[in-house]
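J.: Here is a sequence with its predicted model. Questions after.
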Amino acid sequence: MGVTALGAAVLAARQSTPRGWLAVWLVEVFVAVTIAAATAATKAKRANSSLFTGPGRKFVLSFAPPIFVGGLLTFALFQLGAIAALPGVWLLLYGAAIVTGGAFSVRAVPILGVCMMMLGTGALFSPGQWGNYFMAAGFGVVHIAFGVWIALKYGG
């Protein structure tokens with residue numbers, strides 16, 4: 001997911017309109033969800049477990065509300081013309097989702113969420129034109145770094 005987010009950041013930076021920028025990142029959301037679902041299903045299958053029982057179910061139920069709120073706020077902020085606020089809002093809410101869902105996972109996962117929230121805070125209080133850099137840092141670089149850490153320390 002981190003690699004595709006870095007690609008999305010490059011494509012989004014080349015867009016000439018806010019609508020184009022948003023479209024690139026919304027496509028990236030669907031790409032990332034597809035990757036996450038496929039890898040989670042594979043991991044559950046290897047562990048002879050189900051995604052929707054036990055810890056997997058708790059993760060989804062904890063993760064979903066902040067993500068749902070992010071979707072609603074995306075629509076509202078876009079309608080208000082507050083596009084510059086989106087990177088901060090997305091990083092904050094995704095971080096909150098990771099922290100809450102990560103309570104049922106290895107210690108590194110909630111730390112990932114806190115890092116996303118820190119970047120989201122920075123994005124909210126920085127010039128709007130820096131938003132794409134915050135998106136690349138969080139959804140790209142931080143995801144890759146934590147992915148490597150989790151793979152090496154916890155086996156994936």
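T.: Structure's in. What do you need?
J.: So for this structure, the centremost residue is which one?
T.: residue 94 (4.9 Å; CA atoms, centre = their mean).
J.: Quick check, pLDDT for the residue lying farthest from the centre of the chain.
T.: Distance from the C-alpha centroid of the chain peaks at residue 48, with 26.7 Å (CA atoms, centre = their mean). What the model reports as pLDDT for residue 48 is 78.
J.: what helix or strand does it sit in?
T.: For residue 48, there is no enclosing helix or strand under DSSP states H and E.
J.: got the contact list for residue 87?
T.: 120, 123, 131-132, 134-135 (CB atoms under 8 Å, 6 or more residues apart in numbering). All C-beta atoms are positioned from the backbone trio N, CA, C, and that covers glycine.
J.: Disregarding flanking residues, what is the spatial nearest neighbour of it?
T.: residue 131 (3.5 Å; CB to CB, 6 or more residues apart in numbering).
J.: pretty sure the one you found is touching residue 90, no?
T.: No: if you go by CB atoms under 8 Å, residue 131 and residue 90 don't touch, sitting 9.2 Å apart.
J.: Name the nearest residue to residue 135, ignoring sequence neighbours.
T.: Nearest one to residue 135, counting by CB to CB, 6+ apart, is residue 87 at 5.0 Å.
J.: again, but for residue 64
T.: residue 97 (7.7 Å).
J.: returning to what we had before: just list the residues touching the residue nearest to residue 87, thanks.
T.: Residue 131 touches 84, 86-88, 123, counting by CB under 8 Å, 6+ apart.
J.: One more: residue 125?
T.: residue 88.
J.: so how many other residues sit close to the closest residue to residue 115 other than its chain neighbours?
T.: Nearest non-adjacent residue to residue 115, counting by CB to CB, 6+ apart: residue 142, 5.3 Å away. For residue 142, the number of neighbouring residues by other CB atoms under 10 Å comes to 20.
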